[in-house]
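Visitor: Pasting the sequence and the predicted model now:
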Number of protein chains: 2
Amino acid sequence: MPEIRISPPLSQPPLRPGDSMKPFPDLTRLVAPRSIVIVGASAREGSQGRRLVDNVLVHSGFDGEVYLVNPGSSEILGRPCYPSVADIPARGMDVALVIVNSALVLPALEQCAAKGIRFAIVMTSGFAETGEAGQRNEEAIAALCARTGLRVYGPNCPGLVNLNLHLGMTFSPAFKDDLNSGPIGLATQGGGLGRTVLQTLSFGAGVGLWCSAGNECDLGVPDFIAHMALDPQISVIATLMEGIKDGGRLRRALILAHEHSKPVVVLKIGHSAQGVLAAQSHTASIAGSAQVNSAVFRQHGAVEVQDLDELAAVARLLVKPRPAAGAGLAIFTFSGGTAALAADIAGAANLPLATFAPQTTAALKQLLPAFANIVNPLDTTVDIIRDPALVIRCLRIVCEDPNIGAVMFPIPMDYADITATMADAICEVAAAQSKPIVPVWMTRRMGTGFQSMEHAGLLPFLSLADCVTALRRLWPASSAVPATIAPHKRATPPSTHTPEVLSETQAKHLLRAANIAVPEGGIAHDPDAAARLARAVGYPVAMKIVSAQIPHKTEAGGVRLNLTDEKAVRLAYQDILDTVTRRQPDARIDGVLVEKMLPEGGREILIGVHRDAAFGLILTVGLGGVFVEILKDVAHRALPLQKQDAHAMLRELKGFAMLESVRGRPSADLTALEDMLLRVSDFAEAHAPRLRELDINPVWVGNEDQGAIALDALIVLDH
Amino acid sequence: MPEIRISPPLSQPPLRPGDSMKPFPDLTRLVAPRSIVIVGASAREGSQGRRLVDNVLVHSGFDGEVYLVNPGSSEILGRPCYPSVADIPARGMDVALVIVNSALVLPALEQCAAKGIRFAIVMTSGFAETGEAGQRNEEAIAALCARTGLRVYGPNCPGLVNLNLHLGMTFSPAFKDDLNSGPIGLATQGGGLGRTVLQTLSFGAGVGLWCSAGNECDLGVPDFIAHMALDPQISVIATLMEGIKDGGRLRRALILAHEHSKPVVVLKIGHSAQGVLAAQSHTASIAGSAQVNSAVFRQHGAVEVQDLDELAAVARLLVKPRPAAGAGLAIFTFSGGTAALAADIAGAANLPLATFAPQTTAALKQLLPAFANIVNPLDTTVDIIRDPALVIRCLRIVCEDPNIGAVMFPIPMDYADITATMADAICEVAAAQSKPIVPVWMTRRMGTGFQSMEHAGLLPFLSLADCVTALRRLWPASSAVPATIAPHKRATPPSTHTPEVLSETQAKHLLRAANIAVPEGGIAHDPDAAARLARAVGYPVAMKIVSAQIPHKTEAGGVRLNLTDEKAVRLAYQDILDTVTRRQPDARIDGVLVEKMLPEGGREILIGVHRDAAFGLILTVGLGGVFVEILKDVAHRALPLQKQDAHAMLRELKGFAMLESVRGRPSADLTALEDMLLRVSDFAEAHAPRLRELDINPVWVGNEDQGAIALDALIVLDH
């Protein structure tokens, strides 16, 4: 049970600039070594060193070279034991497993590097998770890696388990009990809960490779995902993360997995934590890092789940092909009440129920009693369950329907032999089908029928709602295409220097240069100039004070709207200056902005960019007014944005209907708005090194073909 | 397996006027009979009649009189058998169990009535569920009940099972396998899924009484809930409903249960069905009956759940006292990763996590390793699980903390003996605790530890998320006090006559008479009168066309707002008449309404009343604009409304923050708005026999102390 000793590393180590963009290392010889050194090997029963030796030499099917190191023994279990790594009469071994006292880890790693060993798995704990001294010790390991090229996995980890090779480089006594293998790759941080996934997938397609690098001082989850993306034995990747150390690197790994058609299922702890809030930015304050994390996972096509059993179940479901576009779910059962309840729960979750193809209905009609209603959900009536051959034929017919992407088979209660026979029939069909057949064993009386489906690897769900939640993940929420453009550079943490707040005019000048439309107009320094500008852009106009010291112009009395003639403009000029000077006598005034007013009836949109601690620059979009203020209705994407992101993120908004044609009002100019999102992305990327915050609020979006214009803008740069 | 033969009755029989208000019958002798007649008793192995005889005579512990009836046998299993009920040499028996051919049911019931038998349980199917002929047959049974006083349970049902008396009046061969009993009363319609609940609650506090009256031609779910509310052996009521035949009667039963402090847990199928939509009413079209059902359950303090396993789990949890006001959840585990995940899932579901009382922290500090962090979620670290005495002491300390209402104990994986010992420790503490201790067995390897908790009746959850979902039901969503005023009369179905649409003036006249504030003003028939009225109410004024043929006044050009002087009023009068007459030359014009404009800055609210097919008059409230139109953000209550309903329903709105102080704007006059909701309830109740639809849209709600005024109103009456 040692894995559960390992608590997740809660403190985030400082980011190491430049890591995001480093190429992913080739981990082939880490996960499939030809030679292993065990540093801290022991013969003492019950010690971690002994369990490690037992796992590698006794419980694994490993036939490569194994070297044991322990200064206190000359042999262990009949094998020679060397006093130190330096004493081993060989060089260039693939992996060293290190389980010595934390004070001895660094010297051992130095010797590993000197011996040309490629990888070290450091299981020892007592590093960053214990406080400052441990943190320094861990930084020394990272420095050694950088200096020597040795790659370290750990410290404070349970080791690495390659079940497809039947190799356990771990001190866990449970290794020998969880030897199922399969196409699922599992990447965790703290190791404990990974064991739960292994146990849950004990039968059928299981976990073939489990990487859990604890404190991740060198190698981490993105490296393992990247490895699994290329590993031909892995077809689905599951990951459980407590923290994200390097969001840019994680995104690159997700993109790689997507490019190699390996679905990634993510369970990320932190949905109720307040998360990292950036600056005083309005968009940042409603972002919260959990929402940003979810947005980025979605952006890159990863499937996010909310619980551990769901992680295992969804990973398992994704081993089979996802439902084809347009295909729906079939519900197959023998009880009317169950059919109604299952369809109700599926419907409430917006899981699409298929309509049977005509040939399906016709074929079922031949087989089922006259009083059975041939619709989806299909209630075969109870007669069928006494005839397994009939269950098999009907179930096959449903599976072969092109309209069907998956079949849910709820079994409401245990009827001993009868349900056992039916379960065998389900197993028989499922074994020959590429479409998932998902049984739901709705009773807690887990009799023979349950057991035989479990042992056949069908992973029967124990609740309709859980089944529906998991199945829902197979159907994409929208037609969004995962983003495949990698971030250009790693996330830079916000600078601690005093930020520079640009004036509205400066900000709009920068936006205009980036081809982001701003209203026509200019700055006036006297009433005559104001009148000239107004005449040039055409009435009506708006006038606003220009001063970097006055971010809240309306509150300072610095805004006049809808001015329709020269007289009004002249009066407004004087009035603005008088009011602002009275209220904020110390503010430096740079003039008064005169701008053309836009036609009434435009929609107000907010576009923001802020810097997330994990993923760097994040773009946020929302509808103005109550949607953002009361309902926090916003969508996020990490930069750079792709065309499909701009399209999809607007459609994620609860209030998207406001942008469509409403009550006879024409649709908003969505093309112009999506275009502006992309331009803002380009702009923010171009200014990435200094950009701290960008708020365009509001953006005026006209009706179709009227365009989108940034009415006000706030830009905060780092010095 | 006979229950699963019974498909839920999908067709709703016609409502029988007056039933809602009839007193609930005393069912004592139905559920605990002293004498039983079996009509259709049989000796033939495998027949339903034989299984029924076996269940009553062999598998039950029934020691009352049993009379067997079958014209084809003179004795069955050594007991005398009578050719007909009339031939039985006794009178006034408590219950007849009827399982004869459907054509023979009515004559048998006639004889039962003649014999003075009180109750008949008709298990035979082939009635309303099969079509029109069966429907007529069933109506004949209902007529017989009304004529003779015989009370009928069924037809098309699996019978009635009183497990607390060890009595199975059912033909189910599974009866003898599900003999756990307990304080949970279960009321279902179709019987199949009730068996799943019995199986799921096989250990510990189980189902003591299961009523499942199939087609409910006479007795139904409300009668059983009412019985269970008074039954001293039942402390929690669980119900699974496919349809609601008599919403008024159901409400009275829920009120009775609440008065007797019996929690009611409801699983109602129909969340994704479109439901019954009333008329063309705007509020009805966004109500949908599933939403109305949920609102009514909440209104009466019933706990609604979404799945069958949740029904069983929540009923079980409610056997123990609900958490005290202010108490929170404790999470107790031995793995850091698990503590984080469990707390994260609980937090995301807004399940309140308690803060340990100082004495708890101090006591745990004495017992736990120095590196254990004494906070909630509590990670005892793994050392503790090898010492069961220590687990027991720590768990007791946590349970005794007054801040704690329930304890969740997640066990992430199966470690054979170690987790088995820990499970025993949990069972020991749980047995002596009144607070619920809820284990979560997170792995599918359901080893000894799982089994011993299951057999001890702890009902371990198999997923954190499911546990959190169920626990969340124990904490009330708001401070709402369940409503205890019964509906005054039963729901009348909408009339099929042509409705009468009142003009705005007529509608406002009625509202004013009911003390619902409407703007000052009156109807003008010429410009002079309009000017006089405007002067009398004070400028600015609004003017609107008055015509029952013009429900959409704005679209017809019949509205002018913000008129500030006499000239504007005179012009507007003529302009309105000209425009409306041009656009709708056939409309009968009753004049022009001149009303005082209300100050700007009021909130717009919509209040509606419509008639729901199950629950009769339903009041709906929502915020105007996008909240109703885009977000369907409304709250419902069945009438009559109580003070606490008016308070609670506003706070259920997603947009409630709009009514509070927002961005320096003062709070809306919530007192006046709640008062108006109550007056609208009174008004609708008073007009209940004819009221089809009422829409007050918008209601102007001023700032604190400014009141609430109905600006426009639509009333539709049945002729």
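Guide: On my side now, so go ahead.
Visitor: Spatially nearest residue to the residue nearest to the spatial centre of chain A, not counting backbone neighbours?
Guide: With distances taken as Cα atoms, centre = their mean, A:Phe297 lies nearest the centre of chain A, 2.8 Å away. The shortest distance from A:Phe297 to any non-neighbouring residue, by Cβ to Cβ, 6 or more residues apart in numbering or on different chains, is to A:Glu304 (4.8 Å). The way it works is simple: take the backbone N, C-alpha and C, and place the C-beta from them, glycine included.
Visitor: which element is the residue nearest to the centre of chain A on?
Guide: helix A:282-299 (DSSP states H and E).
Visitor: again with A:Gly49
Guide: When elements are assigned from DSSP H and E, A:Gly49 belongs to helix A:48-54.
Visitor: That helix: which residues count as buried?
Guide: Buried residues in helix A:48-54, counted by 16 or more other Cβ atoms under 10 Å in any protein chain shown: A:Gln48, A:Gly49, A:Arg50, A:Arg51, A:Leu52, A:Val53, A:Asp54.
Visitor: what's near enough to touch the residue lying closest to A:His300 once chain neighbours are set aside?
Guide: Computed as Cβ to Cβ, 6+ apart, the closest residue to A:His300 that is not its neighbour in sequence is A:Leu254, at 3.9 Å. Listed by Cβ atoms under 8 Å, 6 or more residues apart in numbering or on different chains, the contact set of A:Leu254 reads A:Ile225, A:Val264, A:Phe297, A:His300, A:Gly301, A:Ala302.
Visitor: And for A:Arg44?
Guide: Taking Cβ under 8 Å, 6+ apart as the contact definition, A:Arg44 lies against A:Arg50.
Visitor: Angles on the backbone of it, please.
Guide: Main-chain dihedrals, A:Arg44, degrees, to the nearest 10: phi -70, psi 120.
Visitor: Mind pulling up the pLDDT for it?
Guide: Note on A:Arg44: pLDDT of 95.
Visitor: how close does it get to chain B?
Guide: Taking Cβ to the nearest Cβ, to the nearest Å as the measure, A:Arg44 falls 19 Å from chain B.
Visitor: Which of the three states applies to the residue nearest to A:Phe297?
Guide: Recorded secondary structure, A:Glu304: strand (DSSP: H, G, I helix; E, B strand; the rest coil).
Visitor: What about it, how many residues nearby?
Guide: For A:Glu304, the count of nearby residues is 20 (other Cβ atoms under 10 Å in any protein chain shown).
Visitor: Now do the contacts for it.
Guide: A:Val265, A:Val266, A:Leu267, A:Lys268, A:Ser294, A:Phe297, A:Arg298.
Visitor: So A:Asn137 sits against A:Phe127, correct?
Guide: Yes - contact criterion Cβ atoms under 8 Å: A:Asn137 and A:Phe127 qualify, at 5.7 Å.
Visitor: of these two, who's got more company?
Guide: Shown here are A:Asn137 and A:Phe127; by other Cβ under 10 Å, A:Phe127 has more neighbours (27 against 19).
Visitor: Is that one in contact with A:Pro155, as I believe?
Guide: Yes - using Cβ under 8 Å, A:Phe127 makes contact with A:Pro155 at a distance of 4.7 Å.
Visitor: can you list residues touching both of those two?
Guide: Contact criterion Cβ under 8 Å, 6+ apart; residues shared by A:Phe127 and A:Pro155: A:Ser102, A:Glu138, A:Ile141, A:Asn215, A:Cys217.
Visitor: In ChimeraX, how would I select just the buried ones from those?
Guide: Selection of the buried residues among these in ChimeraX, burial being defined by 16+ other Cβ under 10 Å:
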select /A:102,138,141,215,217
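Visitor: Turn the shared contacts of A:Phe127 and A:Pro155 into JSON lines, including secondary structure, pLDDT and distance to chain B.
Guide: Below are the shared contacts of A:Phe127 and A:Pro155 laid out as JSON lines (DSSP: H, G, I helix; E, B strand; the rest coil; pLDDT from 0 to 100; distance: Cβ to the nearest Cβ, whole Å):
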{"residue": "A:Ser102", "secondary structure": "helix", "pLDDT": "94", "distance to chain B": "15"}
{"residue": "A:Glu138", "secondary structure": "helix", "pLDDT": "94", "distance to chain B": "18"}
{"residue": "A:Ile141", "secondary structure": "helix", "pLDDT": "97", "distance to chain B": "22"}
{"residue": "A:Asn215", "secondary structure": "coil", "pLDDT": "91", "distance to chain B": "13"}
{"residue": "A:Cys217", "secondary structure": "coil", "pLDDT": "93", "distance to chain B": "18"}
